[in-house]
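Asks: Mind folding the following:
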Amino acid sequence: MAEQYPFKRYPKIYRLQYVPEILNYPLEVYEKLDGANTQIRKIKGVLLCGSRSGYLSDKNLDAKPWFRIFWEWVYTNPSLYKLPEDIIVYGEFLYPHTLRYYPQWTNQFFLIDVYDLEKERFIPYQDAVKLIKKIGLEKIHIIPLLYKGYLTMDKINELLKGSDYRDGDKEGIILKNYEHQLFAKVKNI
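Replies: Residues are numbered from 1 along each chain as shown. So this is what the prediction gives:
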């Protein structure tokens, strides 16, 4: 059933060296988490979930170990059926991947962004958080804002230190400017 609906993939976020112009703008900075890029949306009353490459269905649930775990997380969360059809909720599902996070964060969904299909834009993160809460979506973790404003390389290096989700430093950080819809990442590990 999912294959009949258009799939909107979350865009690739390039390293800062490939989008240096982003530093000309005020930015919001968030911790980059090392999990699986996922999405949840509703089309014509049907709740759909996907990975980076497409929708998940009974045909591909065994392709990766975390597919079935994420699928079950989505379809056993009744609050997700409240999703309006004009948005896509993108997240990072923290299945054990390259980095090991604290056990309480394993198999948890962290909000990355919300895409407004009518405006064809990402909603600013703090507005997306308010929307998620207003709708009443549950079991969606919010990644705290680390910094807001203009960035220097010294500040970037400072922001890469220490993670609230694992022992050691952050995997990296994500730089976002919603006005210009510019995003970049700085990887630490």
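Asks: Which helix or strand contains the residue of the chain most remote from its centre?
Replies: Each residue of the chain has a distance to the centre, and by Cα atoms, centre = their mean the biggest one is for Asp154: 25.8 Å. Counting by DSSP states H and E, the element that carries Asp154 is helix 153-159.
Asks: what's the following helix or strand after that helix?
Replies: strand 172-177.
Asks: Look at the residue farthest from the centre of the chain and report its pLDDT.
Replies: Note on Asp154: pLDDT of 96.
Asks: when you give positions from now on, start the count at 11
Replies: Sounds good: first residue 11 from here, last item Asp164.
Asks: Distance of it relative to Lys171?
Replies: When Cβ to Cβ, to the nearest Å is the yardstick, Asp164 and Lys171 sit 12 Å from each other. In this view, the C-beta of every residue, glycine as well, is placed from N, C-alpha and C.
Asks: quick one: the residue farthest from the centre of the chain from Arg25, how far?
Replies: For Asp164, the distance to Arg25 - Cβ to Cβ - is 18 Å.
Asks: Okay, now the unreliable bits of the protein?
Replies: 11-13, 199 (pLDDT under 70).
Asks: residue nearest the centroid of the chain?
Replies: Centre-most residue of the chain, counting by Cα atoms, centre = their mean: Ile122, 2.3 Å.
Asks: Surely that residue is in a helix?
Replies: No. Per DSSP: H, G, I helix; E, B strand; the rest coil, Ile122 lies outside any helix segment and is strand.
Asks: these two touch, right, it and Tyr100?
Replies: Yes. Taking contacts as Cβ atoms under 8 Å, Ile122 lies within contact range of Tyr100: 4.5 Å.
Asks: Between those two, which contacts overlap?
Replies: 20, 47 (Cβ atoms under 8 Å, 6 or more residues apart in numbering).
Asks: That'll do, ta.
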